[in-house]
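> Following is a predicted model, sequence given first.
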Amino acid sequence: MWWWLATPINLARAPIDPNAKLLCVSYAPFRDDQTPLVPTTQIAREQIAQDLAQLAKISDCVRTYSIENGLDQVPAEAAKVGLKVIQGIWLGSNRLKNFAQIATAVGLTKEYPGVISSLVVGNEVLLRGEMTTADLAVLIRLVKAQVTVPVTYADVWEFWLRNREVYDAVDFVTIHILPYWEDFPIRAKYAAAHVDAIRRRMAVAFPGKEILIGETGWPSQGRMREAALPSRTNQARVVSEILALAKQENFRVNLIEAYDQPWKRQLEGTVGGYWGLIDSVQRAVKYPPGEAISNFPFWKLQMACGMALSVFVFGAAWLTLRRRPWTPRLASWFAVAISATVAGMLLGVAADKMYYESYGLGGWLQWGALLAAAIASPLLCANALMSGRALPTFLELLGPREARAGSALPMILGVVLMVTTLIGTVTALGFVFDPRYYDFPFAALTMAVLPFSFLALLNRPQAGIRPIAEAVFAALLAGAALYTGFNEGSDNWQSLWTCAVYFLFAVTLWQARAAQIPK
């Protein structure tokens, strides 16, 4: 499985090639915990200088979006390394702040006339609904009257078609085409063709002025949207194909973005933080020219850890029989074998997802707890299968003293079951009420739930009452699975896999039986 997952790809054109520099790339300087969402954040000049020195090796230009948080220092540092700047002016609903941004940007344009090649007056302000078209056009003309460089406005392509009057105010049209974020998401293999088709459509709709693709690209991590899958290989392929098309068709394109931006995950989920061509931690190019590209560059370590876990699961079953010699059913050994194999295959995937999808202390605690439960579940269930014990109920863990499990291992198994149930239910309800930015925990959840289901099936108590807690959780998981599967669509295999595991977990919890406590 790992040989298949880690199979690398080689592209005809490397996404990053110092011998064929990028025309332009979006630049935001924020690292680690730095975020523009905190108004007091101020990026040091030295940090910007380091970034621009690196970017000058792979690009001729950078696009900025604001002059706040220290970004007003970009033109001065860009001049030192020979970079051009597409200077952004961030507009919003605050009129005073808008005029302050305009004044600063106009001043920078006059101070660095050979560096700032154009001004972008507003970025997706119409999309956000923070300004009317008429007010935006007035500000664009105000800026044009004060500078000699071309002036434009940037928004997603649909909003240009809905607000054609902006076309009359600008010198050229800047459109954003993000195939992953389209209302009907585009598969990675069709992304470049989609970008070119939209560009041609916009050229027909707005003749006589140049069309700049101000944002396009693909994320390297995050959840699927219908058939659009973020991955390292897909990001490299999409960027490479778009750049090849731009060269072939002779149009300008600005890639989003230079560096991964962790802070965007707070707004857009995991996928928001992984649009960069350069890693945010190591500050290294993700796809060096001449190197094959794999979705799992550390697959050998991930495979080894999975094989070790698989051996430990078999070892847990064998040690249990050594201490309690009896002959379990053949089905129990099959259950151990399947649990061990599945856990071994998915451990590396689950760990990889935890690393990339954990954001903030809460995220690390949640996904770390789920991964710990995923590792513990096959080990503890192997012991229970070989011992003939049933899956514990929540009553045995939290109920009256006379109902609680007497030994440590059933209690630990109960804790693992409860952790998996709580995290599974929280994520399932998230896909119902706020699905856009949630990640699908298919790998870790499968590792945890599959052994529970075998244990519930093979060692099910013959008598007892159905506990209310398990019944409620089962109903929530089953209902969420049905809704999410329908809502996400049949092309999203991450969703279908996760929903199948939710449904299996619901069936497992529904089978729970607890002994009646004497009054």
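Looks like it came in fine.

> Phi, psi for Phe251 please.
The phi/psi pair for Phe251 (degrees, to the nearest 10) reads phi -130, psi 160.

> ugh, wrong one, I meant Gly464
Dihedral angles (degrees, to the nearest 10) for Gly464: phi 130, psi 170.

> can you tell me how far it sits from Glu470?
11 Å (C-beta to C-beta, to the nearest Å). C-beta here means a position set from N, CA and C on the backbone, and glycine is covered the same way.

> the more surrounded of the two?
Between Gly464 and Glu470, counted using other C-beta atoms under 10 Å, Glu470 has the larger neighbour count: 23 against 14.

> The more buried one and Glu396 touch, don't they?
No. Using C-beta atoms under 8 Å, Glu470 is not in contact with Glu396; the gap is 11.4 Å.

> Identify the residues contacting Ala500.
Applying C-beta atoms under 8 Å, 6 or more residues apart in numbering to Ala500 gives the contacts Ala481.

> helix or strand for it, which one?
For Ala500, the host element (DSSP states H and E) is helix 493-510.

> worst-scoring helix or strand of this protein, pLDDT-wise?
Scoring the helices and strands of the chain by mean pLDDT, DSSP states H and E places helix 394-398 at the bottom, with a mean of 83.

> for the helix or strand just after that one, what is the average pLDDT?
Using DSSP H and E, the next helix or strand after helix 394-398 towards the C-terminus is helix 408-433. Helix 408-433 carries an average pLDDT of 95.

> For helix 408-433, which residues meet the burial criterion?
Residues of helix 408-433 classed as buried by neighbour count (16 or more other C-beta atoms under 10 Å): 410, 412-414, 416-421, 423-425, 427-429, 431-432.

> Next, the angle from it to helix 493-510.
130 degrees (axes from the mean of the first three to the mean of the last three C-alpha atoms, to 10 degrees).

> Could you name the helices and strands sitting against helix 408-433?
Helix 408-433 sits against helix 360-387, helix 394-398, helix 442-458, helix 468-488, helix 493-510, with contacts defined as 3 or more C-beta pairs under 8 Å, 6 or more residues apart in numbering; DSSP states H and E.

> Output those helices in CSV; the columns should cover distance to Gly82.
Listed next are the helices and strands packed on helix 408-433 as CSV, based on distance: least, C-beta to C-beta, whole Å:
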stretch, distance to Gly82
helix 360-387, 38
helix 394-398, 65
helix 442-458, 45
helix 468-488, 46
helix 493-510, 43
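
> can you tell which of the ones you listed is closest to Thr270?
With C-beta to C-beta as the measure, helix 360-387 is the member of these nearest Thr270 (9.1 Å).

> got the angle for that closest one vs helix 408-433?
Between helix 360-387 and helix 408-433, the angle comes out at 130 degrees (the same axes, to 10 degrees).

> quick check: mean pLDDT across stretch 20-27?
Regarding stretch 20-27, the rounded mean pLDDT is 94.

> Tell me where the stretch 201-350 of the chain has strands.
All strands of the stretch 201-350 of the chain, identified by DSSP state E, counting those that start in this stretch, fall at 211-216, 253-255.

> Where does the prediction get shaky in the stretch 301-450 of the chain?
Along the stretch 301-450 of the chain, the parts satisfying pLDDT under 70 run over 325-326, 399-406.

> so who does the closest residue to Ala188 other than its chain neighbours touch?
Among residues not flanking Ala188 along the chain, Asn234 sits closest, at 3.9 Å (C-beta to C-beta, 6 or more residues apart in numbering). Applying C-beta under 8 Å, 6+ apart, we find Asn234 in contact with Ala188, Trp218, Ser220.

> Of these, which belong to helices?
Ala188 (DSSP state H).

> Among the contacts of Asn234, which one sits closest to Leu455?
For the contacts of Asn234, the nearest to Leu455 is Ser220 (37.5 Å; C-beta to C-beta).
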